[in-house]
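Give me the fold of what follows.
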Amino acid sequence: MRGGVTPEVWVLKYLCVTMQTPPSIEPHPEYDLGQRIRHLREKRGLSQVEFAERIFLSQSMVAQIELGKNKPSLESLEKIAAELDVELATLFAKRDVYVFDLKRLKARYDHAEKLTPILYMSLGKILQYAKDIGFSK
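Numbering: from 1, shown residues only. Presented below is the predicted three-dimensional model:
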């Protein structure tokens, strides 16, 4: 172990630093609204039935939304986002929802040193990009 990390993590960090690009662990699929809702619901460990009860919709309506057979109203979207603890815009993100899910990142990682190497590097790249394009508060 180097610096308290496993050899695999050390190699990953080394490759990321030398290549100046995040490793592609898996392809970045694009999701439609229903797939994104399902992905987030499953990441939260919620069944369709439990989720439906919490947002005051029927399980069949949740299934139809997730399959893209029914479009939720704005009111339903607001309830869905609130229950999934994400910003409404996150539901419409096509890729990399974990980057935009800052509420959950903040709740899970209360300090930069606790971030996984990939998240640490990804967020650093985002911040650098924001600086490069002149983005400010």
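
per-domain residue ranges of the chain.
Domain ranges of the chain: 7-28+100-132, 33-95, per automatic domain parsing.

per-stretch mean pLDDT over those domains, give me the minimum one.
The stretch with the lowest mean pLDDT among the domains of the chain is domain 7-28+100-132, which comes in at a mean of 64.

Please, where are all the helices along this structure?
Listed in chain order, the helices found in the chain under DSSP state H are 7-19, 33-43, 48-55, 59-66, 74-84, 97-100, 102-108, 117-132.

do you know which of the ones you listed lies nearest Thr90?
Nearest to Thr90 among the helices of the chain is helix 97-100; the distance by Cβ to Cβ comes to 5.0 Å. C-beta: built from backbone N, CA, C; applies to glycine.

Please name the nearest non-neighbouring residue to Leu84.
Nearest residue to Leu84 in three dimensions, chain neighbours excluded: Leu40, at 4.7 Å (Cβ to Cβ, 6 or more residues apart in numbering).

where does the one you found sit relative to Lys131, distance-wise?
Counting by Cβ to Cβ, to the nearest Å, the separation of Leu40 from Lys131 is 30 Å.

neighbour-wise, which of these two wins?
Leu40 (23 against 10; other Cβ atoms under 10 Å).

Pull the contacting residues for that one.
Leu84, Val86, Thr90, Leu91, Val97 (Cβ atoms under 8 Å, 6 or more residues apart in numbering).

so how far is Asp32 from the residue nearest to Val62 when sequence neighbours are not counted?
Spatial nearest neighbour of Val62, chain neighbours left out: Ala52 (4.5 Å); criterion: Cβ to Cβ, 6+ apart. Shown here: Ala52 relative to Asp32, a distance of 19 Å by Cβ to Cβ.
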